[in-house]
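I would like to see how this sequence folds:
(one chain, ligands or ions: 2)
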Amino acid sequence: MYKAKAYAASSAKAPFASSTIQRRDPGENDVQLEILFCGVCHSDLHQARDEWHDFFATVYPCVPGHEIVGRVARAGKGVKKFKPGDLAAVGCLVDSDRTCPECKAGFEQFCNNMVLTYNSPDKHQAAPVTYGGYSDSVVVDERFVLRVPSNLNLAGAAPLLCAGITTYSPMKHWGVGKGKKVGVVGLGGLGHMGLKLAHALGAHVVAFTTSPGKKEDALRLGADEVVVSTNSNEMQKHAGSFNFILDCVSAQHDINAYLALLARDGNVTLVGAPEKPLPVAAFNLIFGRKSLSGSPIGGIAETQEMLDFCGKHNITADVEVIPIQKVNEAYERLLKSDVKYRFSIDMASLKSE
Ligand code: NAP
Ligand code: ZN
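Ligands and ions are numbered 1, 2, ... in the order given. Purely as a prediction, here's the structure:
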């Protein structure tokens, strides 16, 4: 066991503060990463503030962060894929049972015994729960450690580990590609990655935003058209025309407005996870045999596939790099949709704590 530096929230109402946590020493198959950058996901905010209490109560202290890029500091004797000095990444999952049908099929994200990067019971018992990337280091079994394409900017690559895979996985599942009309709702961390990836997959991409000021950016990020969703005339023009819409909104909003935009057999997938339930009018699904579904992150093999796809297409997140000392301020700005388009924490800033 060793002590790692971290930023932790001690309760749902407490701001993050400098702290130390216990981590296990790397075992035979483990990799210890020195964390270089960690993205700030809205899920970090939901969980640090215990907004998902009914589904997934937060255990304090809470150290979030599941968009981790780092350099291998130590590797156990049995580690084959990595050696000290290599770049590597960790996303939302750090373990699973590896034996269930979901794991065998490469769907670790659906394993009943998956271990999330933070706020999951720690089976190594270094601490009551796992601690994430708002820290100087992390220790993870090499099977859950990803390779980072060497051409990618590291601060911008970190958000691929959640925002990237969470948007890539459902788009692949629902056949996003050439000849498909695809909507992306909410231009935050997830949504802006959704635009880049849908564009790279060859779809006709429409961005939906509540922020008229993001219009130019949306076009630059890969949208072919932009709709300000508060303008019902603009919305109406697209009625019944979409094959697929990815909803990346973090707060209460009307999903019926998007179901109405689907063509026959079209699908809206929710990746955004607002605190409260969203009402759905049955007829919005019945007519047109439309469907509404959800999707969590992605499995390890698919996460590597997404990273390689981003390497090939030179795709990273648009980031605002911040020191860890600004993380509380960043959360307030995230709530105001005031980030273009992901905060990425430069973990070197933790050295001075
Ligand atoms: P984010 O950066 O805060 O972006 C959310 C975007 O939603 C905002 O930029 C804004 O876009 C839009 N929005 C915010 N409040 C709104 C409101 N009241 N009405 C309509 N639109 C609103 O968040 P994120 O990190 O991308 O995460 C988005 C959601 O996905 C969160 O709930 C997060 O927990 C969830 N998530 C889920 C998974 C998964 O596995 N399914 C993984 C990661 C994150 P505009 O300004 O363009 O309107
Ligand atoms: Zn996330």
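
For the top helix by length along the chain, buried residues please.
Identified as the longest helix of the chain according to DSSP state H is helix 300-313. Buried residues in helix 300-313, counted by 16 or more other Cβ atoms under 10 Å: 300, 302-307, 309-311. All C-beta spots, glycine's among them, are computed from the backbone N, C-alpha and C.

Check this protein for its longest strand and report it.
Determined from DSSP state E, the single longest strand within the chain is strand 30-40.

Moving C-terminal from that strand, which element do we reach first?
helix 42-48 (DSSP states H and E).

Could you pull up the mean pLDDT of the next helix or strand after that next one?
Per DSSP H and E, helix 42-48 leads on to strand 68-75 as the next helix or strand towards the C-terminus. The pLDDT scores in strand 68-75 average 98.

Begin at 796 from now on, thanks
With the count now opening at 796, the last piece we talked about shows up as strand 863-870.

partners of strand 863-870 in the sheet?
Here strand 863-870 has these sheet partners by DSSP bridges: strand 825-835 (antiparallel), strand 882-885 (antiparallel).

Just tell me which of these ends up closest to ligand 2.
Smallest distance to ligand 2 across these (Cβ to the ion): 7.6 Å, for strand 825-835.

Next up, the contacts around the closest residue to ligand 2 within the stretch 996-1145 of the chain.
Closest contact between the stretch 996-1145 of the chain and ligand 2, by Cβ to the ion, is at Ile1092 (7.4 Å). Applying Cβ atoms under 8 Å, 6 or more residues apart in numbering to Ile1092 gives the contacts 886-888, 904, 957, 960-961, 964, 1098.

Cys1043: which of the residues you listed is nearest?
For the contacts of Ile1092, the minimum distance to Cys1043 (Cβ to Cβ) is 8.4 Å, reached by Thr961.

ok, now how distant is the closest one from ligand 2?
7 Å (Cβ to the ion, to the nearest Å).

Wasn't that residue part of a helix?
Yes. According to DSSP: H, G, I helix; E, B strand; the rest coil, Thr961 belongs to a helix.
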